[in-house]
Every structure is written in structure tokens, then in C-alpha cells.
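>>> Mind looking at a prediction? Sequence and model below.
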Amino acid sequence: MTSMLPAIPSAFGNLKDVFRSAQNSVLGQENAFALPKVSSAIVVMVDGLGAKNLEASQRYAPFLSSASQSTIYSGFPSTTASSITTFATGVSNSEHGLFGYKIFDRSRQESVNLLSGIDKYSVLDYLKVEPISTETLCQVHAVTLPEYADSGFTRATMHNAQHHFANSISDRLEKAALVAEVDNSLVYVYVPELDQAAHRFGVASTEWLSLLSELDVQIQRSSSRLADGIGMLVTSDHGIVNVDKQNHIYLDDFAELNDMFLDVAGDPRVAFLYLQDPSRVEVIRQFLAERVASSAVACTPDELINAGYWQDSLLQDEDLLPDLIVLATAEVAIYHRQFAKANSMKMVGQHGALSQEEISIPLIRLGTYSSSLLVP
């Protein structure tokens with residue numbers, strides 16, 4: 001049995017090229033987005049701001065919506081751990097190793113949260129490549145929230161960067177602009193607030209729209225005050241869809257699947273199934289095809305590779321790869337109560353799958369970049 005996966009977007013640019021292109025523009029080198037030579041570059045990563053989300057809410061973000069921009073591809077799965085590592089390393093998640101939000105490590109017989117749980121483990125067990133921040137001739141700065149000061153994920157993806165911390169969006173942007181005034185600086189700014197609000201209240205909720213408006217005002221203010229020769233990019237790691245609680249699929253509701261799983265990991269819209277007995281893959285997939293075909297598709301890692309979403313190199317991680325991936329194709333979220341956290345099942349905004357809302361992200365050009373040619 002084979003699954004029907006949507007075609008990978010071929011016309012998009014790719015998130016993996018954004019930070020490296022900014023680096024190369026500081027160094028005066030060719031880059032994937034044809035960015036011009038700049039004295040310094042600032043790249044603002046707005047967690048959870050999809051291109052479709054921005055388009056649907058443009059009256060709350062008139063500046064960002066009218067700025068010079070293109071739409072690029074987040075990579076798969078469309079989730080923070082995978083996408084920001086792709087951004088920070090310049091390679092796909094098949095190459096960098098952090099290929100999902102949560103995985104099961106068979107060699108440890110342990111679940112591993114690759115975003116917030118890698119303080120407990122050596123990140124080098126999973127991250128296969130050096131981030132751009134360790135190899136570049138630029139001076140790299142990372143401007144994030146104080147609560148990420150001891151984050152294993154942030155330290156791994158921005159290793160060797162000079163780290164700065166500020167609570168508000170405006171203070172982070174102000175700090176970024178200040179350090180960018182020193183030539184040869186490459187500055188990363190992380191804005192997690194919209195993603196946090198979307199998970200709790202939903203994308204396009206009053207809370208989310210308020211934060212989008214604030215971001216719009218602060219980006220406009222910051223970009224208008226940039227010193228000559230500084231380029232600014234605004235992008236994201238994924239978009240968001242809202243999922244009503246009534247559209248949750250609970251795998252533990254199916255008695256036929258009892259005691260089948262070592263773990264159900266991934267994200268609620270791209271569930272990674274680790275089986276007690278891998279020989280049961282086709283039986284379980286056939287069962288899921290009969291029960292959830294209208295809203296999700298079950299596929300194997302091989303099928304994702306054949307469709308171009310993952311690469312052959314990921315097959316080397318046989319201790320980490322799921323046996324099946326249940327990919328949401330409608331506005332549903334997939335859980336197993338034995339393995340899901342209560343807070344996760346309360347989330348409204350979701351991401352991880354292959355809808356245009358989730359994988360389409362903006363690349364907005366400001367400062368010296370604003371007049372550069374748009375290259376997909």
C-alpha cells in the first residue's frame with residue numbers, strides 16, 4: 001500500500017538559504033536570494049508567522065504586508081525544532097539531524113524533545129553539522145528572550161554567537177540595530193510571541209492580532225532607523241492553522257491499536273508512530289487508511305524520501321526514525337493520550353503538516369535589502 005502525498009513546492013525559495021544568504025551578503029559573496037553587499041545584516045525570525053497568516057491579517061500589519069517580500073518553503077515537518085535548525089545550519093533537516101519536534105530514541109528507549117529537552121542529553125548526539133555561527137567570518141549575535149539563556153537548543157543552533165537578551169520585541173530590535181552598527185555583524189533576532197499566542201488562543205485571535213500589530217509597528221520603526229548599509233530580513237519557521245477540539249483524533253480510541261506503540265511523538269499534525277512490532281507497519285497503516293483517510297494519511301519514511309520531503313541520509317538514523325508518520329491533510333490534530341501532554345491537547349493553533357498555511361513563510365526585505373531583486 002502506498003500513500004498519496006502532495007507534491008513538494010518547486011517554485012519556492014527555501015528557509016535553509018536565508019541565514020547563509022544574509023551571511024554571504026555581509027561578506028560580499030553570491031547568495032541564493034541575490035542580496036546585495038551590506039555592512040551588517042539583521043534577520044528577524046518570527047515564530048509562527050506564515051505567509052498565508054500574514055496575508056489573511058494584512059490590515060493588522062500594513063507595513064509588513066506592503067514591504068518587498070517573497071514566499072519561501074519552511075521545510076518538513078513545519079515545526080520549530082526542525083525549521084530553526086535548518087535556518088541556523090543552512091542544510092535540510094535530513095542533513096542536520098533534528099528532523100522533528102519530539103522523537104523516540106530506541107538506543108536509549110527514551111522520548112527526546114529536540115526543542116526543549118536537549119539539556120538532558122548531549123545535543124551532539126543528534127545535531128550532525130556545525131551551525132553557520134561557528135564557521136562564518138562575520139561576528140554573529142543572537143538576540144532572544146532571557147528565558148532562553150540556558151537553552152540547549154539556542155546554544156546549539158547559535159553556538160559561538162554573542163548572546164543578548166531582552167524581554168520586549170522593541171528592546172530586542174533595538175539591541176539588534178545597535179550591535180549591527182559594528183561592520184561585519186550578522187544578527188539573529190528571535191520573536192516567539194506570536195507562536196505562543198497562536199497555540200493558546202488561535203491564529204487571528206484578538207491576542208494574536210494584537211501581537212501582530214505590535215510587531216508591525218516595531219519592525220517599521222526599527223527598519224526606518226537602521227544605519228546606512230544595514231540590511232534586514234524578516235522570516236518565519238512555519239505557519240499556523242487552527243484546530244477545534246472536536247477535530248482531535250485520538251489513536252487510543254481505537255481498541256485495535258492498544259499496546260501497539262513504543263511512542264507517539266512528532267507534532268499533533270505530523271504524528272511519529274514508533275511501533276512495538278515494526279512488522280505490523282502495513283497492518284496498522286491499512287487500519288488507519290480505513291478510519292482516518294478523510295483527514296490524514298499514514299506514510300513511511302521511504303515515501304517521504306521518494307516525495308522529496310526527506311533525503312536518503314536520514315535512513316542512517318534508524319534508531320530515531322518513526323515506523324509510520326500520520327500526516328494531517330485536513331484541519332485535525334492527532335494524539336494518543338498515553339503519550340501526549342495535557343497542555344498539548346489544549347492547543348488551538350497547530351503546525352507541522354504540509355498545508356500551504358503551514359509550509360509557506362514570508363521573506364521580507366528591509367533596509368538596504370528593500371530594493372534588491374526578488375529571487376525565488
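On my side now, so go ahead.
>>> can you give me the strands in the stretch 201-350 of the chain?
For the stretch 201-350 of the chain, applying DSSP state E, counting those that start in this stretch gives strands covering 230-235, 241-242, 248-250, 261-267, 270-275, 296-299, 324-328, 333-335, 349-350.
>>> name the helices or strands packed onto the longest helix along the chain?
As assigned by DSSP state H, the longest helix anywhere in the chain is helix 206-224. With contacts taken as 3 or more Cβ pairs under 8 Å, 6 or more residues apart in numbering; DSSP states H and E, helix 206-224 sits against helix 62-66, helix 169-180, helix 193-201, strand 230-235, strand 360-367. (Each C-beta comes from the backbone N, C-alpha and C, glycine too.)
>>> If we use 7 Å, what do you get?
With contacts taken as 3 or more Cβ pairs under 7 Å, 6 or more residues apart in numbering; DSSP states H and E, helix 206-224 sits against helix 62-66, helix 169-180, helix 193-201.
>>> nearest to residue 92, of these?
When those are ranked by proximity to residue 92, the top entry is helix 193-201, at 21.6 Å, counting by Cβ to Cβ.
>>> Check which residues of the closest one are buried.
Using 16 or more other Cβ atoms under 10 Å as the test for burial, helix 193-201 gives 193-195, 197-199, 201.
>>> Residues touching that helix, excluding its own?
Residues outside helix 193-201 that contact it (Cβ atoms under 7 Å, 6 or more residues apart in numbering) are 46-49, 169, 205, 207-208, 211-212, 215, 240, 347-349.
>>> What average pLDDT does that helix get?
For helix 193-201, mean pLDDT is 98.
>>> same thing with stretch 249-267?
Mean predicted confidence for stretch 249-267 is 97.
>>> That one: how far from the chain's middle?
25 Å (Cα atoms, centre = their mean, to the nearest Å).
>>> ok, now which ones touch residue 263?
The neighbours of residue 263, taking Cβ under 7 Å, 6+ apart as the test, are 104, 111, 274, 339.
>>> wait, which of the residues you listed is closest to residue 173?
Closest approach to residue 173 among those (Cβ to Cβ): residue 111, at 36.0 Å.
>>> Does the closest one touch residue 104 like I think?
Yes - in this structure, residue 111 is within contact of residue 104 by Cβ atoms under 7 Å, at 5.5 Å.
>>> Now for residue 206, how many residues are close by?
A count of nearby residues for residue 206, using other Cβ atoms under 10 Å, gives 10.
>>> ok, now the one 3 residues further on?
With neighbours defined by other Cβ under 10 Å, the count for residue 209 comes to 18.
>>> for the stretch 251-376 of the chain, which spans come out with low pLDDT?
Under the criterion pLDDT under 70, the flagged ranges of the stretch 251-376 of the chain are 372-376.
>>> what's near enough to touch residue 251?
Counting by Cβ under 7 Å, 6+ apart, residue 251 has contacts 257, 264, 334, 336.
>>> Highest neighbour count among the residues you listed?
Counting neighbours by other Cβ under 10 Å, the top entry in these is residue 334, with 28 neighbours.
>>> Dig out what that one forms beta bridges with.
Judged by DSSP bridges, the bridge partners of residue 334 are residue 249.
>>> Same question for residue 72.
Counting by DSSP bridges, residue 72 forms beta bridges with residue 13, residue 361.
>>> residues in contact with it?
By Cβ under 7 Å, 6+ apart, the residues touching residue 72 are 12-15, 361, 363.
>>> picking that back up, what's the closest of the buried residues of helix 193-201 to residue 317?
residue 195 (26.5 Å).
>>> For residue 150, pull up the helix or strand it's in.
Assigned by DSSP states H and E, residue 150 belongs to neither a helix nor a strand.
>>> how close does it sit to residue 144?
Counting by Cβ to Cβ, to the nearest Å, the gap from residue 150 to residue 144 is 11 Å.
>>> okay, these two: which has more neighbours?
Shown here are residue 150 and residue 144; by other Cβ under 10 Å, residue 144 has more neighbours (22 against 9).
>>> Could you report the neighbour count for the residue lying closest to that one once chain neighbours are set aside?
Here the nearest residue to residue 144 in space, its sequence neighbours aside, is residue 190; by Cβ to Cβ, 6 or more residues apart in numbering that works out to 4.4 Å. Neighbour count for residue 190, taken as other Cβ under 10 Å: 21.
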